[in-house]
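Novice: build me a model from this:
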Amino acid sequence: MNVGRWNDLEVDFVASKENARIYLQVAYLLSDRKTLAREVRSLNLIPDNYPKYLLSMDTEFGNDIEGIRRINLVEFLLGKE
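Specialist: Okay, here's the model as predicted:
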């Protein structure tokens with residue numbers, strides 16, 4: 001597992017196994033649009049099509065954001081998502 005960096009932006013975790021990869025951005029809560037935009041920005045700049053996830057402690061989620069899946073952190077860690 002690595003941290004991904006693009007210029008002055010970073011993705012919290014980049015997990016790779018064989019020919020697969022996922023990108024994980026983690027935030028405590030996505031309480032406002034400014035926070036959400038900040039957390040999604042680095043994921044949007046990644047030019048490949050591997051899965052991208054935005055994990056948080058939020059319990060209500062809307063639609064995915066430009067192909068980035070929003071998932072509750074606890075559910076992700078327990079393998080429910």
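Novice: quick one: which helix or strand includes the residue nearest to Leu30 when sequence neighbours are not counted?
Specialist: Excluding the flanking residues, the one nearest Leu30 by CB to CB, 6 or more residues apart in numbering is Leu36, at 4.7 Å. C-beta here means a position set from N, CA and C on the backbone, and glycine is covered the same way. Using DSSP states H and E, Leu36 maps to helix 33-44.
Novice: check which residues of that helix are buried.
Specialist: Neighbour-count burial for helix 33-44 flags Leu36, Glu39, Val40, Ser42, Leu43 (criterion: 16 or more other CB atoms under 10 Å).
Novice: so how many other residues sit close to the closest residue to the fourth one other than its chain neighbours?
Specialist: The spatial neighbour of Ser42 that comes closest, neighbours along the chain excluded (CB to CB, 6+ apart), is Leu9 at 4.0 Å. Applying other CB atoms under 10 Å, we find 14 other residues in the vicinity of Leu9.
Novice: which residues touch Leu9?
Specialist: Arg41, Ser42, Leu45 (CB atoms under 8 Å, 6 or more residues apart in numbering).
Novice: what is it paired to in the beta sheet?
Specialist: Taking DSSP bridges as the rule, Leu9 bridges to Trp6.
Novice: quick one: it from Glu39, how far?
Specialist: 11 Å (CB to CB, to the nearest Å).
Novice: and Pro47, by the same measure?
Specialist: On the measure of CB to CB, Pro47 and Glu39 end up 19 Å apart.
Novice: going by contacts, tell me the helices and strands next to the helix holding Leu36.
Specialist: With contacts taken as 3 or more CB pairs under 8 Å, 6 or more residues apart in numbering; DSSP states H and E, helix 33-44 sits against strand 9-17, strand 20-26, strand 52-56, strand 68-72.
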